[in-house]
Structure formats: C-alpha cells, structure tokens
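Colleague: Just to be clear, the model below is a prediction. Sequence and coordinates:
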Amino acid sequence: MTTAKINFGRRSFIKSSALAGGGLMLGFNWFASLSAQGAEEADMPKEWFKINGYLKIGVNGEVTIMSPNPEIGQNVKTSMPMIVADELDVDWKDVLVEQAPLNTEIFKRQLAGGSDSIKQSWGGLRMAGASARKMLMEAAAKKWNVPVSEITTEQGILYHKKSGKKAGYGELASAAAQIPVPKEVELKELKDFKIIGTSQKNVDGHKIVTGQPLFGLDYKKEGMLIAMVVHPPAFGMKLKSFDATEAKAKPGIRDIFKIKTYNDDYKPQWCDTNSFTELVAVVGDSTWEVMNARNFLKVEWEPFADYKIAMAGWGGDQLVTVPAGLESTSDHSAKMVAAAANPGKIERKDGNPEEAFKNAAKIIERTYTAPFLAHTPMEPMNFFADVTADNAVLVGPIQSPEYMEKTLSARLGLPLEKIDIQMTRMGGGFGRRLYGHFMVEAALISQKMKAPVKLIYSREDEITFGIYRPAYHALYRAALDANNNLIGFHVKMGGVPENALHANRFPAGAIDNYMAESWEIESNISVGAMRAPGSNFNAVAEQSFLDEVAEAMGKDPIQFRLDLLKRAKENPVGEKNDYDAARYAGVLELVREKSGWDKNSSGKNRGVAAYFCHSSYVANVLDLTVENDTPIVQKVYAAIDCGIVVNPDAAINMTEGSIVDGIGQAMYGQLTFTKGKPDQDNFDSYRLIRHNEAPKEIEVHFVENEINPTGLGEPPYPPVMGALANALYKATGTRYYHQPFIKNRFE
Amino acid sequence: MAVFNLKINKKTYRVNVDPDTPMLWVLRDHLNLVGTKFGCGVAQCGACTIHLDGEAVRSCITFVSEVGDKEITTIEGLSENGDHPVQKAWLEVDVAQCGYCQTGQIMTAAALLKKNPHPTDQEIEEAMSGNLCRCGTYTRIKKAIKTAANS
C-alpha cells in the first residue's frame, strides 16, 4: 500500500458525528407516486451514518456514495463512486449512488469540462474511500481492543483474524462516524483494485430506460409556472420595445415582462458569456400555452452600437469590445481570407523558418476552414428556480454550478450560502451548459413572479441563442528540401472571433524550423467551449495536412508521424512542447497493429490520424467506401492512452460516441449567418449525424499502463475527423479542406 | 379548451386542454408522464416517440384532438417493471450516455420489433434514422436491437 497524506482539510470532509450529519437522507424523489419500486429502494437501511462528505453507511452495510461532479453523459456518476468504493473495499453491488448538490465546503471542482473530472478527483476520491475504511478499522480495533494494524477488510467486512472476530461495515458505521478523520491513509496498490478497471453499468440505467424523471426538464414542484424567453432574432440586435397586449390575453398566461440578465456595473465571468442580455419573459401555466402565446408577442428590435464589457478574467479584468453590425457568413469568409494573407501574431518560433522556406525545393501550402457550430444537446436549455427574499433554490442541468453560484449571488443580491444549486442529470451539454445565463433568467423570472418557475428553451431558442464553436481558418505550409526532407513547418491560424491554435503541440518540437502564428476577427456572435475546444479544428486541419506532406515525401503516413515523434522524444526542438512523444507514438503503434495497417490496407480507403488533447492520446484508422456518391464509414479503429481506465466498457461507449460525433460534425455540421441571423434553427436545417450515417463498426483499444487516469470525454472526438478526411481522399482522389465535407462534393 | 378522455398505458385519463395541444405536452405537463422527451418540437429528433395503437409516432406533432379512441403507450407503459425485451437489451448493452433520447429510441425500436421481429441491419438503420442521439450511441442502439431480437 502507498501512504497518502490527507491534505484537503476542511473543504473535503465534514467532521462526522453519529446523527448530526447522519440520519436518514433521501435522494431526489420528485414523483414518489410514479417511480417504480426499484430493487435499490427495497433494501434501504433504517439509518445511515455519514462517515465523510462523500459517503454514508447504512446499518445494514449498504453504502451511499455521493457523486460530486455534474453528470452530462460522460458517466462520472458511475465512475467517480467506483473509485471511492474500491478504496473503501466494498462490493459494488452494495453501493447506492446519489448526485451530490453543489457544496464547495466538501467537494473540489464540481465542474463538467476539460475532460478533467476523473483526472482532478482521482486522488481525492481514493482518499475519501480509504479514509472511511481507516475509520471503520479504527472503530473495530477500539471495540475489540486490538491494534488497528491487525484489522483487515474485505468486501465490506472487518476482520481480526487472530481472534476470529468479524463485523460488517454497517455494524460499526455508528462508531466509525465518531472517529476523527485520520491524518494519513493507506491507498491500495493498483494490482489490488477490485472495482476500478472492471466494467460497471450506468447507475442510472434502469431509470433511463423506464423514463423516470432524471433530467432538469422533468423536474417539477407544486405551484410551478412555466416560462420562456424571447431573444433578439439576430446577433447585433437588441430589444427596443414590445407590445404584449394580445399575447397576455391568451389562455394560461400569467405575465409578460422584460428581464435584464446582468446589472450594469456587473463584471461578467467567463461562464456569463451571452449576447442577449435583455429579454422578454413569457410566464404561464403550461408549456404549450406559453409557446403558443409567444407567437402573439409583438417585439421591436434595433441594432446596437459598439460597446465594451469589462470581463472578470482569470488574470484580472479584461475589456472586451463587442462590435456593432449584422454579420453574415460570406463577410466572415472574405475577412478570414484577407486576415490570413497578413502576418499574424507569432506564438512560437523555432530555428529559422523564413530561411527554410526560402531554401525549400518544394513548398506545400494548404488552407482549411470550419464553420460555426451549435452544441445542440438533446435536452434543450432549461432551469428551475424558486427565489424568495431570503434564498434561492435552483435545480437543473449545469456544467459549471460553482461559478454560476457567484453570478447568481451578484445578480440576486443574496450571499452564496443562500443559493442552493441542485444538479440534475444532463441531457448532454458539450460545453453549452458551461454558460449558465439561463439560470439567471429563470431566477429573475421566479423573483418577479414570487413563484417557482421552470424556464424552457425551444430547440429554435437553443440553436439561435447559442454560445457557438467559433468559425476557423488555418493556413499550413511545409518546406521540403531537394531530397524530400521536411525542413520547415508553418501554421497560421485564425478565427471569428477566436482562433484554435495550440502553438506548442505536435508537430512543434519535432521540426527544427517551426513557426505558429495566430489572428482573430472581432465579432458580436457569442462563442465558447465546444467539446475539445480548438482541438476540434486543429486535429482535422493538421492531420489532413500531415497526410498530404507524408504523401509528397513518399512516406507512409503512420511511419512519417512516428519519425517526427522519435525526433521529438530523442532530441526535442524547443522546451515548451506540451505532449509526451512516447505516449503519442504509443497510440499510433497500437492502431497500426490493431488495424493491420501494414498488411491489411490494400484495396481499402483508409485514413489515419492521431491527436493529443486534454491529457490523453488517441489515434484512429478509418475505413470507408463510397456507394451511390455517399461515403459509408465501414470501420473505425481507436487506440487510446488515457492512463488507468476506470470503467472500460463505459470508456469504450464514450469513445464510440465521440467517433460518431466527430464524423457527424466534420461531415454535416454547419451554422451560417445572414445579417446576424442564424440560417439554421432546428434539426431540419441544422444537420446532425443519424443512425444510418454512423460507422458500421468501431473497435476501441486502450494502452495498458499504470499512469493516473486522464480525460476521455473530449480526446477521442477530434482525431477521427482527420482520419475521415484522409480516407475520403483515398476514396475520391480529392482532398477535403473545408467543413462540412458534404458541401465539398456529396451534395 | 376541451375535455378529452385518453387511453394511456391501459388507464383512462381525463384532461381539459386546448385541442391543438401536442400529446407531448399533455403527457409531460398535465399527466406527469415525463419519460416522453421534448427535443425539437418538429418531428425531427424522435425523442418524443410514443405508440398510437402500436405505431411509433412523434407526440410533438400529434394533437390531443387527433387521438380519439386510439390507445397510447408511453415508455412508462411499455412494461410493468422495465422488463420489456428492448429495455432489458438496452441495459445489457449499456447503451446510454446522457440518456435523454433513449426512451424515444426504445419506443421506436419496440415498434420495429413488433412488426419485424428479426430486422436486418439495413432495416434497423431505416427504422431508427428518425431518432437522433447527440451522444452518438448508434452502434450500441443497433447492437441492443439485435440483442432484443434474439431474446
């Protein structure tokens, strides 16, 4: 065993006492009358003892483990408690899981973002389980009057082998709850894990397939009203006036009024990104009545002038300019072409790239673009709020509760401790629910109505009131000498209004003469993080470009990358390279082996790509055929290094989904604008990948190692797009530079 | 407003709503049957799929006034204890990621298998392509349908 110091103090553990923190605690049960009596409810213990903030043990030995982070489909509600349970040394079948509410006193980083949930909580979750186990052992030692070193545990039972005594965790839970939190705990050796590394099914699986209320949209409270908001039809517009006379007269309508999301002197945080801060709220008794009445609202909008916002940034306040204007995709394209022709901001320079390009026998230069994308999680934005003069209760889907609590506190004028945020299972998010303006909107409407309110966005609201993935543009250049050696590499990347450049990522570090530049074009279109931000464009552009360079050099595309990585490992250029070349090469070697790249590629339209982001490494080989002018992805191989895999089958599921998502976005995803107005507003015009367009087969392999786990929600998403582009080239003889690919040829 | 007597999951419910109210909102708002999900409102995503006399339909475009005597089945009534072969297969394959679209997927799959107990891959693709899954669980959905077909 390894010993780890408990170093997270009061934030991580509530000092336990037998009943103060214990007693029977019930989870969410919104529709007791509707929920089927599940097996888990039948065996509920009569009394629970809270051992620490993460877990409580029932008198019958049943264990409830709180899952601290928001569940967005990344399966942390299963995998995080698995880690606690393993160190606690209990049988997984004796574990119940509850979603923890936002509680910054107990939990650290309750955020769904950056693929960081498991990575950042790995140590904390293990210690939560291990320290509870230690407290149970000490309670047993005390009761049996033997040294704690002689106590062992196995699957929820404490043993003193010398005397033959044993007791279940439940029998000693009450005593353990009074043991002080140990200063040091012993963590298991990796080889002793019994739950981590085994495939465990989604803890909400039964509720999901039986349609039980799990999601924010399903949440209800007695007397709850339904609200919707009306936002400007175009970016660049703001509310001028409205006439609600006719809409207000519609059945079931309670009130219609203007809300202002932030106070004038408020400095928004990153999670407050929002273009439409003055809205008209329509409140009524039922969703359909509100949706219907909204059509009768007469609203006048007007263009706004340039304005500045002081954003509370990570490194201090930042003055952000929001330019006036009604922007169109055609203007963006022209501006991007012009910007790419000018020098950018140099973000990294190694050696003498100018000289290398001057001396080159051959220069390959290619431009790649990608459009704005909307997140379109299947559950539209929504939130429940019940705000009174004294406190605010908010229930719903949010990826960034800890940050939004601060926004709400400022806007409602309530201290943080008077704001209670409960997280529901999220019907997807992909980054959209990091930006929680809808929580503020719901809270303001509840405050005005003096009633509990659920705010609902329609799909059209969700797509046209987006915090989008920016539109990107990249110019890649490679210099080859007379012997076809790669002697210089140049990337110039830009976007509206943000660029996607990761200047210190591969192939930086592998090429002597390297330059990375960036540029950005101002826009009033709100953008934010979408699954693997930046990487979701980088990987496609860079991996397509490398494929083309390898071809020009007459090299196998996998061997070409491995050669570069060998250089980066043995004799890296520069110091800031943000990837581990050996692990990067590892996934390429694994995918080469598993796909039979060297012996099984002839006659196949195969593409390869590899990428590193969010601390994990993924390589793909993709095979496709073209039938009736339609590409059909036959098989995708994925090789992944994300360290220790906590829940293998769930990790495979996550990877399969990322691959489908990546193919869908690259092939079909596109949001365009005409005079500030999104041209797509629902799934009839905003195209998502469908069942018949998904790969026929996906095969996932993990590198086995003992490295602490890193993220998997994002890393398998970007590279498959590059593999797709490269396979499309093999199939059609045409390179795919511009997303969505379907626009290039297949339509 | 008008009164409708609806046969849902083998029970009769009485609601007093605007005749143009989609069944989706009758189920969710008035009857607390929230397993039927709102995804798009224009019959493009399938999250709201219910059975009308055994046929899979989109409840977001099915007005309450169109239903008449037809029997509605929602996910809550597909089986007593979540043990319909399709639900069991969904758990066995552990299909869900976020889970939001899955009740609609299950309702479409159950209607497919009732008509065609042993669908080919192509028949599965055709039947399921009206149901979006933003998490991309399509390969597992197909596997679960085949599992259910073989059970």
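Modeller: Yep, it's here.
Colleague: In the stretch 301-450 of chain A, where is pLDDT below threshold?
Modeller: Within the stretch 301-450 of chain A, the ranges that satisfy pLDDT under 70 run A:314.
Colleague: Residue numbers of it in contact with chain B?
Modeller: Residues of the stretch 301-450 of chain A found near chain B (CB under 8 Å from any CB of the partner chain) are A:376-380, A:425-430. Using the backbone N, CA and C atoms, a C-beta is placed for each residue, glycine as well.
Colleague: Scan chain B for its longest helix.
Modeller: helix B:102-115 (DSSP state H).
Colleague: Helices along chain B, start to end?
Modeller: With DSSP H as the definition, chain B shows helices at residue ranges B:23-25, B:64-67, B:85-93, B:102-115, B:121-128, B:138-149.
Colleague: Point out the most buried one among those helices.
Modeller: Comparing those on average neighbours per residue, with mean count of other CB atoms under 10 Å in any protein chain shown, the densest one is helix B:23-25 at a mean of 27.
Colleague: just checking, what packs against that helix?
Modeller: In terms of contacts (3 or more CB pairs under 8 Å, 6 or more residues apart in numbering or on different chains; DSSP states H and E), helix B:23-25 is not packed against any helix or strand.
Colleague: Now for the residue sitting furthest away from the middle of chain A: which residues touch it?
Modeller: Taking CA atoms, centre = their mean as the measure, the residue most remote from the mean C-alpha position of chain A is residue A:163, 51.1 Å away. Counting by CB atoms under 8 Å, 6 or more residues apart in numbering or on different chains, residue A:163 makes contact with A:144, A:146.
Colleague: change it to 10 Å
Modeller: With CB atoms under 10 Å, 6 or more residues apart in numbering or on different chains as the criterion, the residues that contact residue A:163 are A:144-146, A:150.
Colleague: Span of stretch A:676-692 from start to end?
Modeller: Length of stretch A:676-692, first residue to last, CA to CA, to the nearest Å: 33 Å.
Colleague: Residues in a beta bridge with residue A:640, which ones?
Modeller: For residue A:640, the residues forming beta bridges with it (DSSP bridges) are residue A:618, residue A:702.
Colleague: Give me the number of neighbouring residues for it.
Modeller: Residue A:640 is surrounded by 26 other residues when neighbours are defined as other CB atoms under 10 Å in any protein chain shown.
Colleague: per-residue confidence for it?
Modeller: The predicted local confidence for residue A:640 comes out at a pLDDT of 98.
Colleague: next one: residue A:6
Modeller: 44.
Colleague: and the residue of chain B nearest chain A?
Modeller: Scanning chain B for proximity to chain A using CB to the nearest CB identifies residue B:35 as nearest, at 1.8 Å.
Colleague: what's the nearest residue to residue 58 if we skip its chain neighbours?
Modeller: Going with chain A. Excluding its sequence neighbours, the residue lying closest to residue A:58 (CB to CB, 6 or more residues apart in numbering or on different chains) is residue A:45, at 2.7 Å.
Colleague: not what I meant, chain B
Modeller: If you skip the residues right next to it in sequence, residue B:58 has residue B:43 as its closest partner in space, 4.1 Å away by CB to CB, 6+ apart.
Colleague: Tell me which residues touch that neighbour, please.
Modeller: Going by CB under 10 Å, 6+ apart, residue B:43 touches A:683-684, B:49, B:57-62, B:130.
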